[in-house]
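Undergrad: take this sequence and fold it.
(2 chains)
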Amino acid sequence: GALVYQYPRRTICKSGTSMRMECQAVGFQATSVAWYRQSPQKTFELIALSTVNSAIKYEQNFTQEKFPISHPNLSFSSMTVLNAYLEDRGLYLCGARAGQYEQYFGPGTRLTVL
Amino acid sequence: GDSVTQTEGPVTVSESESLIINCTYSATSIAYPNLFWYVRYPGEGLQLLLKVITAGQKGSSRGFEATYNKETTSFHLQKASVQESDSAVYYCALGDGDYAQGLTFGLGTRVSVFP
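TA: Sure thing, here's the model as predicted:
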């Protein structure tokens, strides 16, 4: 079946440091990969989305300089949170789209910033 | 921009009782919105519960159902008789058929079902 793995599941970093998280889609051909963040008391906000043969598109409140993403292909994606501060804490979710409608999500990486 | 508003939780319900979670949406950038309900069980990732891509249609899964009402811009989730295993956080989401676009989620509704 279609699965999306994320690693690590939980991480803690000191304020001002950076941390990298990974996402892997297994069992299907992803047509796009999206990263979302759920901050405390908020819903999932789209950070950026990658599709085949196009540049990574970042949403208004997120930048490549802060959240660089790399992926050799759409089955594997990694995102780094650079210079993390308290407002960056939350659950980071990776979603990989299969076809036009189906989007599969990983369990998320929960980031705590001290 | 697009937005989704859903019932504010937490919602507590007894087993075998009915459940309804309200969801309304505003789609300003999408001509033909697709609507989704996702569920997140404790310790797990988001799972697609059901989707409806055509206005007027009803989606159903695991005893849950939701009707896409374009006139009232609503997509309420209902279940006639809940079980303890339905305890989870439910998210209403809005998207389009373009795989190059992300989803817009509601805040989520935490549902606790007690025996």
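
Undergrad: contacts for stretch B:71-81, please.
TA: Outside stretch B:71-81, the residues that touch it by Cβ atoms under 8 Å, 6 or more residues apart in numbering or on different chains are B:16-27, B:35, B:37, B:49, B:52, B:63-69, B:86, B:90, B:92. No exception for glycine: its C-beta is placed from N, CA and C like everyone else's.

Undergrad: narrow those residues to those that are buried.
TA: Buried members of the contacts of stretch B:71-81, scored by 16 or more other Cβ atoms under 10 Å in any protein chain shown, are B:19, B:21-25, B:27, B:35, B:37, B:49, B:52, B:64-69, B:86, B:90, B:92.

Undergrad: picking up where we left off before, so which of the contacts of stretch B:71-81 belong to strands?
TA: B:19-21, B:23-26, B:35, B:37, B:49, B:52, B:64-67, B:90, B:92 (DSSP state E).

Undergrad: would you state the strands of chain A in chain order?
TA: Under DSSP E, chain A gives strands at A:3-7, A:10-13, A:19-26, A:32-38, A:44-51, A:57-58, A:69-73, A:76-81, A:90-98, A:102-105, A:109-113.

Undergrad: chain B against chain A: which residues are in contact?
TA: B:4, B:34, B:38, B:43-48, B:51, B:53, B:91, B:95, B:97, B:99-108 (Cβ under 8 Å from any Cβ of the partner chain).

Undergrad: who does the residue nearest the centre of chain A bridge with?
TA: Central residue of chain A (Cα atoms, centre = their mean): A:Trp35, 3.2 Å from the mean position. Beta-bridge partners for A:Trp35, by DSSP bridges, are A:Ala48, A:Cys94.
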